[in-house]
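Student: Fold the stuff below for me.
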Amino acid sequence: MPQLDVDGAALTYDDEGPRDGDGVPLVFLHGWTADRRRWDHQMAHFAEKRRVVRLDLRGHGESGGSGVRTIAELATDVLAVLDHLKIERFVLVGHSMGGMISQTIALGHPERVERMVLVSSISRMTYSRGRGLLMAASTLVPFKLFVATNIQRAFAPGHPREEIREYVRSSADTPREVVMTLYGAMRAFDVLDRLGEIRTPTLLVHGYYDIQLPVAQMLRMAKAYPDAVVRILDAGHELPVEKPAELTAALDGFLTDRAAARP
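Tutor: Okay, here's the model as predicted:
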């Protein structure tokens, strides 16, 4: 379990797969209150043929550190790990908040990002009046109820309850200060008006039943990307664990098609 100290936080990461494998390394970034294990299916598949890196963001999983107030600070952590591993160019795969981090890196360091995959992510939080009031009120309830409510809403109807309860328990282990400061960071995140600057080929994968970050918001984002492919899956917000094989196949197809399209 390798770790790297970055600004007082011990960041835990996995670095697997052949160094001389197919294509540049894949870098997987998990979402809010999750951890790097969300990517187990994708790691097992892709590490057979190429280098793959995933990490627990600060304050999550097996990484230390307190919460930060901006998505940009998390992007700095990710780049510090990649610099430590001497990975100059890579493909970013980010789920939810991890997709926000990915967009931040693509905007700040476009020369380093070969391709990008945004899974259940958006570029600007947009709430209706009613949903905005509901979300604001949810911060006033006890912390564990706040986490449980958000995680339960993340899965499509019919997902096994015991599995949802396990993810609720895991998410509730994330320190309160980390959860709440990053909740504020996500609400403040807004790069929608800058998406035209991202020339990186991008795959947008979203769940049809995602009520955390509704598909309509993703489609608005897709229109702004100069080079984007959209895939909609029969799932909620937690695609890496709701539809792991389908997500892996979508990633594989995107990477293969793009590789074949090179001159």
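Student: quick one, helices of the protein?
Tutor: 40-46, 71-84, 97-108, 129-138, 143-153, 161-172, 176-188, 215-224, 239-242, 244-261 (DSSP state H).
Student: Quick one: mean pLDDT over the first one.
Tutor: Per-region confidence: helix 40-46 scores 97 on mean pLDDT.
Student: tell me which residues in it are buried?
Tutor: The neighbour-count check on helix 40-46 (16 or more other C-beta atoms under 10 Å) flags 41-43, 45-46 as buried. Yep, even glycine has a C-beta here, placed from its N, CA and C like the rest.
Student: same thing with the third one?
Tutor: Of the residues in helix 97-108, those scored as buried under the neighbour-count criterion (16+ other C-beta under 10 Å) are 97-107.
Student: What is it packed up against?
Tutor: Applying 3 or more C-beta pairs under 8 Å, 6 or more residues apart in numbering; DSSP states H and E, one finds that helix 97-108 contacts strand 26-29, helix 71-84, strand 90-95, strand 113-119, helix 176-188.
Student: would you turn these into TSV with mean pLDDT?
Tutor: Conversion of the helices and strands packed on helix 97-108 to TSV gives the following (pLDDT from 0 to 100):
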stretch	mean pLDDT
strand 26-29	98
helix 71-84	97
strand 90-95	98
strand 113-119	97
helix 176-188	90
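Student: ok, back up a step: deepest-packed of the helices of the chain, please.
Tutor: Most buried of the helices of the chain, by mean neighbour count (mean count of other C-beta atoms under 10 Å): helix 97-108, with a mean of 25.
Student: how about that helix as CSV, C-alpha atoms only?
Tutor: The C-alpha trace of helix 97-108 is given here as CSV (Å, rounded to 0.1, in the frame of the first residue of the first chain):
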residue,chain,number,x,y,z
MET,A,97,-16.4,14.8,-8.0
GLY,A,98,-13.5,12.9,-9.6
GLY,A,99,-14.9,14.2,-13.0
MET,A,100,-14.7,17.7,-11.6
ILE,A,101,-11.1,17.2,-10.7
SER,A,102,-10.5,15.8,-14.2
GLN,A,103,-11.9,18.8,-15.9
THR,A,104,-9.8,21.1,-13.7
ILE,A,105,-6.7,19.2,-14.7
ALA,A,106,-7.6,19.3,-18.4
LEU,A,107,-8.1,23.0,-18.2
GLY,A,108,-4.9,23.7,-16.3
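Student: switch to numbering from 400
Tutor: Fine by me, first position is 400 from now on; the one you just mentioned is helix 496-507.
Student: Could you check how far that helix is from the centre of its chain?
Tutor: The chain centre lies 9 Å from the centre of helix 496-507; the measure is C-alpha atoms, centre = their mean, to the nearest Å.
Student: angle of that helix against strand 512-518?
Tutor: With axes from the mean of the first three to the mean of the last three C-alpha atoms, to 10 degrees as the basis, helix 496-507 and strand 512-518 are set at 150 degrees to each other.
Student: sorry, back to before: the helices of the chain: which one's closest to Asp404?
Tutor: Closest approach to Asp404 among these (C-beta to C-beta): helix 470-483, 9.4 Å.
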